[in-house]
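A.B. asks: Dropping a prediction and its sequence here:
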Amino acid sequence: MARRPRLRRLPTDPEERAKVRAERAVLRTAAKARRRRRAMAALPQGITLMSVFFGMLSLVWAPTRPYAACVCVFFAGLCDMLDGRVARLTGTTSAFGAQLDSLADIVSFGVAPAWIFYHWAFASGLAATPIAGVGSAPFNPWLVPVFGYVACGAIRLARFNTGHDDDGDPEWFFEGIAIPTAAGMLLTLVMAHIETGWAILRSPVVVVPVLLITSALMVSQIPFPSFKNFRSPLIRNLFFGTIVVGLALLAGGGPGGTLFFFLVTGYIVIGLVRSVSDNLRPGVSILDDPPKGEDIEMDTRSPRGLMLSDDDDDDADEEED
């Protein structure tokens with residue numbers, strides 16, 4: 001049996017003894033700080049893993065309880081909104097937490113919504129029959145575009161992780177729609193159909209374009225407004241107020257999914273219209289980098305609505321020459 005290591009005996013000299021005791025006190029304080037930091041870091045990471053749990057629960061309920069499965073993904077979205085904020089509040093942000101969040105997102109907002117949408121829209125009828133005779137393993141060709149959605153979501157997350165910077169500037173735009181928004185587009189369509197009973201929402205003329213366009217927008221370079229920063233307090237209050245009303249409707253058994261469907265649809269349509277209109281203006285491209293930090297200074301004389309610096313004026317003169 002191994003013996004426990006003994007602490008070094010205190011020296012007999014009073015000054016040396018005080019020095020050793022001070023060193024031990026510093027080590028104990030540092031150890032307590034490390035344990036406290038680990039405990040604090042477990043909180044946001046636990047919230048992230050809860051989103052994975054809700055994503056897995058939605059996978060279980062997708063074939064038989066599609067509406068409940070959609071609500072589970074909504075809870076996963078709430079966890080996704082909270083984990084980063086809790087990490088910043090507790091000072092426990094890390095690269096590990098960011099990577100864990102991305103892995104959770106591909107499950108909760110990639111695989112889970114795709115599986116729900118597949119079972120709701122494509123898993124029944126002629127498309128689900130065996131393709132090589134009775135007794136053979138069925139292959140539904142609609143799995144291919146559904147897989148395309150998951151693949152686009154993975155590419156979107158990888159692109160965000162490699163191109164995202166933490167310089168503290170506000171993120172006014174996303175490059176392409178975020179994967180939670182794409183998941184919301186698919187799932188609110190499912191919920192709106194169940195709540196309203198409108199057959200058109202489940203028809204191929206609606207289901208297929210929504211799936212394909214949502215997948216393409218995730219990997220596009222079209223800028224969409226960020227949910228984290230709002231330039232107008234009115235827009236911020238209207239956005240979050242609509243979310244609160246929708247959650248209240250869901251809690252009360254009302255058509256909250258239909259409200260969220262119109263909210264997400266409006267967000268995507270407004271982003272597309274704004275990008276196209278900006279691209280048609282002279283000197284403006286939808287691929288331009290969004291304004292950051294102190295560069296945001298409105299001026300009606302500039303075609304972009306931004307103050308041009310002296311360097312920008314020099315560059316413009318050189319281009320004219």
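C.D. replies: Everything's here; your move.
A.B. asks: tell me, how many neighbours does residue 97 end up with?
C.D. replies: Residues near residue 97, counting by other Cβ atoms under 10 Å, number 17. For every residue, glycine as well, the C-beta is placed using N, CA and C.
A.B. asks: ok, now the one 3 residues further on?
C.D. replies: Around residue 100 there are 17 other residues, counting by other Cβ under 10 Å.
A.B. asks: distance of it from residue 77?
C.D. replies: Counting by Cβ to Cβ, to the nearest Å, the separation of residue 100 from residue 77 is 16 Å.
A.B. asks: Let me see the mean pLDDT of stretch 277-297.
C.D. replies: Taken as a whole, stretch 277-297 has a mean pLDDT of 53.
A.B. asks: meant to ask about stretch 243-251, not that
C.D. replies: Here stretch 243-251 scores 88 as its mean pLDDT.
A.B. asks: Tell me the buried residues in that stretch?
C.D. replies: Buried positions in stretch 243-251, judged by neighbour count with 16 or more other Cβ atoms under 10 Å: 243, 246, 249, 250.
A.B. asks: What is the nearest of those residues to residue 54?
C.D. replies: residue 250 (14.4 Å; Cβ to Cβ).
A.B. asks: residues in contact with that closest one?
C.D. replies: Each residue near residue 250 by Cβ atoms under 8 Å, 6 or more residues apart in numbering is listed here: 71, 74, 256, 257.
A.B. asks: Helices - which of those residues land there?
C.D. replies: 71, 74, 256, 257 (DSSP state H).
A.B. asks: Among the residues you listed, which one has the most neighbours?
C.D. replies: Counting neighbours by other Cβ under 10 Å, residue 257 leads those with 25 neighbours.
A.B. asks: Contact partners for that residue?
C.D. replies: Going by Cβ under 8 Å, 6+ apart, residue 257 touches 67, 70, 187, 188, 190, 191, 192, 194, 195, 246, 250.
A.B. asks: tell me which element the nearest residue to it once chain neighbours are set aside is part of?
C.D. replies: Spatial nearest neighbour of residue 257, chain neighbours left out: residue 191 (2.5 Å); criterion: Cβ to Cβ, 6 or more residues apart in numbering. In the assignment (DSSP states H and E), residue 191 maps to helix 179-196.
A.B. asks: Helix or strand: which one has the closest residue to residue 157 other than its chain neighbours?
C.D. replies: Once flanking residues are discounted, residue 157 sits nearest to residue 102: 4.8 Å by Cβ to Cβ, 6+ apart. Using DSSP H and E, residue 102 maps to helix 95-105.
A.B. asks: Show the average pLDDT along that helix.
C.D. replies: Here the average pLDDT along helix 95-105 is 88.
A.B. asks: just how off-centre is whichever helix or strand comes after that helix within its chain?
C.D. replies: Remark: after helix 95-105, the chain's next helix or strand is helix 112-121, criterion DSSP H and E. Mean-position distance between helix 112-121 and its chain equals 19 Å (Cα atoms, centre = their mean, to the nearest Å).
A.B. asks: Please enumerate residues in contact with the helix holding residue 102?
C.D. replies: Outside of helix 95-105, the residues within contact range by Cβ under 8 Å, 6+ apart are 41, 44-45, 48-49, 51-52, 55, 76, 80, 83-84, 87, 153, 157-158, 160-161, 179-180.
A.B. asks: Show the buried residues in these.
C.D. replies: 41, 44-45, 48, 51-52, 55, 76, 80, 83-84, 87, 153, 157, 160, 179-180.
A.B. asks: Among the contacts of residue 257, which one sits closest to residue 121?
C.D. replies: Nearest member of those to residue 121, counting by Cβ to Cβ, is residue 190, at 8.0 Å.
A.B. asks: Please list all residues in contact with the closest one.
C.D. replies: 66, 67, 70, 116, 117, 120, 121, 257 are the contacts of residue 190 under Cβ under 8 Å, 6+ apart.
A.B. asks: Try it again at 6 Å.
C.D. replies: By Cβ atoms under 6 Å, 6 or more residues apart in numbering, residue 190 lies in contact with 66, 70, 120.
A.B. asks: roughly how far apart are it and residue 95?
C.D. replies: According to Cβ to Cβ, residue 190 and residue 95 sit 35 Å apart.
A.B. asks: same thing with residue 78?
C.D. replies: Counting by Cβ to Cβ, the gap from residue 78 to residue 95 is 24 Å.
A.B. asks: Pick out whichever of the two has more residues nearby.
C.D. replies: Legend: neighbour count by other Cβ under 10 Å for residue 78 and residue 95, higher for residue 78 (15 against 9).
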